[in-house]
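Enquirer: For reference, the sequence and a predicted model appear below.
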Amino acid sequence: MLTNEDIARTFPEITPETIDEVLQASRPRRCLMLAERAGLSSANAAARLASALGLPFTAQITPAPGAGEKVPVRLIHEYQCLPTAPEAATPGTIALATSWPTDERMDAWVLALTGKRPAWTLAPPESVDASIQENFGVGSGTLDEADLKALGAGDKDAAEEEDENAAIIRFINEIISKAATDRATDIHFEPQKNALIIRYRIDGELVPVRLPENLVQFQAALISRLKIMAKLNISERRRPQDGRINFRHGGDDIDIRVSTLPTLHGESVSLRLLGARTAPLSISALGFLREDETRIVRQLERPHGIILVTGPTGSGKSTTLNAFLRRILRPELRVMTVEDPVEYEVPGVNQTQVHAEIGLSFANVLRSILRQDPDVIMVGEIRDRETADIAIRASLTGHLVLSTLHTNDAAGALTRLTDMGIEPFLIASSVDLIIAQRLVRRLCPRCARPAQKRRAEVLPYLTALGIPHEAAGETETIHEPAGCDFCRNIAYKGRVGIFEILPVSEPIHDQIVGRASAREIHEQALRDGMRTLQRCGWEQVRRGVTSLQEIMTYAEKFEE
């Protein structure tokens with residue numbers, strides 16, 4: 001059994017308070033926390049623990065054939081341990097891998113359930129968790145065979161009903177906790193003809209979740225549980241519903257937006273996970289290049305004008321605006337917002353959520369905000385002429401206005417406002433800066449490999465991206481994706497912004513008044529020195545933040 005003294009001797013760089021904090025965490029989190037506090041990789045931390053206790057260590061786990069038959073799946077999930085191959089050499093023992101040293105209680109459970117004494121090997125927590133999820137799926141230790149049989153029974157007594165409900169609650173909690181651990185932004189419950197599919201959206205990509213077999217038998221109970229948590233009407237299955245869930249995970253509060261939609265084979269449920277940890281605390285964290293950040297900060301310090309952020313749904317516009325609010329927030333300013341919904345709570349900012357069903361539209365709230373003596377106003381989205389008209393007049397009367405538009409590029413925002421019916425001279429006089437953005441995946445910092453590329457190797461990529469060949473040097477250091485346990489062999493971890501920043505210069509001002517097309521404005525912005533989305537992506541490649549493959553994958557999306 002591992003004691004505080006053992007940890008202190010093995011990790012002299014951490015404090016006794018940190019040791020207490022680590023030991024109070026759940027088993028899967030302990031090694032990760034210890035590694036983080038000691039400034040080590042989780043593999044190095046696990047190797048140190050194994051050496052201190054005289055246990056074997058392995059970086060990669062090979063599960064034993066029929067692992068779920070050797071040890072109950074619920075025990076595998078609860079204790080994060082896995083039977084491994086080859087088998088233990090000593091007769092009467094079973095080889096098991098785990099990420100944290102065991103105690104007498106855990107050894108006793110293994111002996112009682114398998115009839116064999118455990119022979120432990122330590123492994124990195126990412127390897128243990130990935131092997132369990134790959135072989136058994138999320139929640140397989142909750143909805144086990146006994147639960148399936150109970151659910152299939154025609155008549156259940158009160159005790160069986162209570163056990164079934166508890167299993168459903170544990171399963172939903174595990175699905176959400178796993179999503180939060182994997183940094184998922186969305187969870188989708190998708191009913192099909194003979195299956196219930198659950199998928200996470202991680203770093204913009206949909207990732208299928210391996211689940212227990214016959215999960216479709218639980219479909220109605222799982223959907224009902226989600227609707228109860230979101231305070232929705234569980235008997236209403238014909239109409240869409242929206243709600244919210246407050247979920248506690250690892251000391252953090254997660255705000256979850258819930259949307260249900262009737263489909264051919266049942267209700268589809270989508271969960272959007274929002275939390276304080278998902279919002280960057282500074283503009284620098286968003287990924288702006290230095291000169292672009294300087295230009296934005298200079299614009300934010302102005303007392304009036306409009307700054308627009310554009311891009312498709314899911315491109316990080318709300319996160320960018322909230323970073324801007326944090327940058328300008330100070331005691332002498334009164335900052336107010338109208339949002340749908342309020343995704344990030346910003347201390348010191350007066351935030352209002354739209355409720356169209358009771359008449360609280362963007363335009364109505366914005367009109368009321370102007371009577372509240374604000375200095376800075378953030379409008380979640382300009383959707384119609386009325387909202388646009390009020391926002392523009394607010395900027396012309398001495399307010400700094402931040403908002404978003406759904407357009408494909410920066411120049412398109414100006415023509416979109418014109419299409420809404422706003423007079424061009426009002427647009428030219430109020431809009432100061434437009435930022436178009438997309439999100440691309442960051443290379444994993446632990447496994448990305450630098451490679452020297454000759455100019456001839458790089459030029460075809462630049463041609464495909466529409467970037468002048470002068471942007472490349474004779475040789476370029478390009479980081480390439482690899483894959484490791486830290487990033488679950490995906491080679492990417494997290495996302496970074498790609499930006500196109502268009503200041504409204506005098507020539508562009510004249511073009512707006514003259515009702516020039518978006519293409520003409522774009523070409524003038526290029527002459528003024530604007531960096532396109534593709535060019536910004538190339539600069540992020542040169543900085544080692546992302547890869548050429550990622551930029552090429554998103555090249556067509558930049559043009560959407």
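Expert: That came through, no problem.

Enquirer: From Ala472, how far off is Glu457?
Expert: 10 Å (CB to CB, to the nearest Å). Backbone N, C-alpha and C define where each C-beta goes, glycine included.

Enquirer: which of those two has more neighbours?
Expert: Counted by other CB atoms under 10 Å, Glu457 and Ala472 do not tie: Ala472 has more neighbours, with 20 against 15.

Enquirer: how about the spatially closest residue to that one that is not a sequence neighbour, secondary structure?
Expert: Of all residues not flanking Ala472 in the chain, Val458 sits nearest, at 4.8 Å (CB to CB, 6 or more residues apart in numbering). Reduced to three states with DSSP: H, G, I helix; E, B strand; the rest coil, the structure at Val458 is helix.

Enquirer: which residues of the protein score low on pLDDT?
Expert: 1, 68, 88-89, 139-164, 214, 251, 275-281, 554-560 (pLDDT under 70).

Enquirer: So which residue of it lies furthest out from the middle?
Expert: Here the chain reaches farthest from its C-alpha mean at Pro91, the gap being 46.7 Å by CA atoms, centre = their mean.

Enquirer: What ranges does the stretch 351-500 of the chain have for its strands?
Expert: Taking DSSP state E, counting those that start in this stretch to define them, one finds strands in the stretch 351-500 of the chain at 376-379, 400-405, 431-443, 449-454, 475-480, 492-503.

Enquirer: can you tell me how far Glu213 sits from Arg527?
Expert: 61 Å.

Enquirer: From Ile392, how far out is Arg385?
Expert: Applying CB to CB to Arg385 and Ile392 gives a distance of 10 Å.

Enquirer: buried ones in stretch 35-48?
Expert: Across stretch 35-48, burial judged by 16 or more other CB atoms under 10 Å covers 35, 37-38, 40-43, 45-48.

Enquirer: Just the endpoints, please. Distance across it?
Expert: 10 Å (CA to CA, to the nearest Å).

Enquirer: Output the longest helix belonging to the protein.
Expert: helix 158-181 (DSSP state H).

Enquirer: tell me how far the helix or strand following it is from the chain's mean position?
Expert: Toward the C-terminal end, the helix or strand that comes next after helix 158-181 (DSSP states H and E) is strand 184-191. Distance of strand 184-191 from the chain centroid (CA atoms, centre = their mean, to the nearest Å) equals 12 Å.

Enquirer: And the contacts of strand 184-191?
Expert: 175-176, 179, 196-202, 206-207, 216, 219, 222-223, 226, 263, 265-273, 278 (CB atoms under 8 Å, 6 or more residues apart in numbering).

Enquirer: any idea how far the closest residue to Pro374 other than its chain neighbours lies from His304?
Expert: Nearest residue to Pro374, sequence neighbours excluded (CB to CB, 6+ apart): Met336, at 4.4 Å. Using CB to CB, one obtains 15 Å as the distance from Met336 to His304.

Enquirer: between the two, which one's more packed in?
Expert: In this view Met336 and His304 are compared by other CB under 10 Å, and Met336 has more residues nearby, 22 against 16.

Enquirer: Mind listing the residues bridging to that one?
Expert: Asn350, Ile377 (DSSP bridges).

Enquirer: That one reaches Val349, doesn't it?
Expert: Yes: applying CB atoms under 8 Å, one finds Met336 in contact with Val349, separated by 7.3 Å.

Enquirer: Which neighbours do those two have in common?
Expert: Met378.

Enquirer: so who does Pro208 touch?
Expert: Counting by CB under 8 Å, 6+ apart, Pro208 has contacts 197-199.

Enquirer: With Arg519 instead?
Expert: Contacts of Arg519 by CB under 8 Å, 6+ apart are Ala411.

Enquirer: Am I right that it is in a helix?
Expert: Yes: Arg519: assigned to a helix according to three-state DSSP.

Enquirer: The nearest residue to Thr463 once chain neighbours are set aside: neighbour count?
Expert: Nearest residue to Thr463, sequence neighbours excluded (CB to CB, 6+ apart): His469, at 7.6 Å. Residues lying near His469 (other CB under 10 Å) number 10.

Enquirer: From Pro28, how far off is His469?
Expert: 50 Å.

Enquirer: go on, Leu261?
Expert: Leu261 is 33 Å from Pro28, by CB to CB.

Enquirer: more crowded one of these two?
Expert: Under the neighbour definition other CB under 10 Å, Leu261 and Pro28 were set side by side, and Pro28 has more, 20 against 11.

Enquirer: Was I right to think that one contacts Ser99?
Expert: Yes: counting by CB under 8 Å, Pro28 touches Ser99, with 6.8 Å between them.

Enquirer: Give me the common contacts of those two.
Expert: By CB under 8 Å, 6+ apart, the residues touching both Pro28 and Ser99 are 80, 125, 128-129.

Enquirer: Would you mind giving those as TSV with secondary structure added?
Expert: Converted to TSV, the shared contacts of Pro28 and Ser99 look like this (three-state DSSP):
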residue	secondary structure
Gln80	coil
Pro125	helix
Val128	helix
Asp129	helix
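
Enquirer: My guess is Ser51 contacts Ala45. True?
Expert: No: here Ser51 does not reach Ala45: they are 11.0 Å apart, not a contact under CB under 8 Å.

Enquirer: follow-up on the earlier one: show me what the longest helix of the chain is packed against.
Expert: helix 145-152, strand 184-191, helix 219-229, strand 241-249, strand 252-263, strand 266-275 (3 or more CB pairs under 8 Å, 6 or more residues apart in numbering; DSSP states H and E).

Enquirer: Going by neighbour count, which residues of the second one are buried?
Expert: Translated: strand 184-191. Quick answer for strand 184-191 (16+ other CB under 10 Å): 184-189, 191.

Enquirer: what does the following helix or strand past that strand rub up against?
Expert: The first helix or strand that comes after strand 184-191 along the chain, using DSSP H and E, is strand 196-202. Contacts to strand 196-202, defined as CB under 8 Å, 6+ apart, come from residues 138, 175, 179, 182-191, 206-209, 211, 215-216, 218-219, 222.

Enquirer: And the one helix or strand Thr18 maps to, what's buried?
Expert: Element membership of Thr18 [criterion: DSSP H and E] is helix 16-24. Buried residues in helix 16-24, counted by 16+ other CB under 10 Å: 18-19, 21-22.

Enquirer: Let me see the residues that make contact with that helix.
Expert: 4, 7-8, 11, 30, 33-34, 37.

Enquirer: Selecting buried members of those in PyMOL, what would you type?
Expert: Per 16+ other CB under 10 Å, the buried members of the contacts of helix 16-24 correspond to this PyMOL selection:
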select buried, resi 7+11+30+33+34+37
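
Enquirer: how about the contacts of helix 16-24 in JSON lines, adding secondary structure and distance to Tyr492?
Expert: Below are the contacts of helix 16-24 laid out as JSON lines (DSSP: H, G, I helix; E, B strand; the rest coil; distance: CB to CB, whole Å):
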{"residue": "Asn4", "secondary structure": "helix", "distance to Tyr492": "37"}
{"residue": "Ile7", "secondary structure": "helix", "distance to Tyr492": "33"}
{"residue": "Ala8", "secondary structure": "helix", "distance to Tyr492": "36"}
{"residue": "Phe11", "secondary structure": "coil", "distance to Tyr492": "30"}
{"residue": "Arg30", "secondary structure": "helix", "distance to Tyr492": "26"}
{"residue": "Met33", "secondary structure": "helix", "distance to Tyr492": "24"}
{"residue": "Leu34", "secondary structure": "helix", "distance to Tyr492": "25"}
{"residue": "Arg37", "secondary structure": "helix", "distance to Tyr492": "25"}
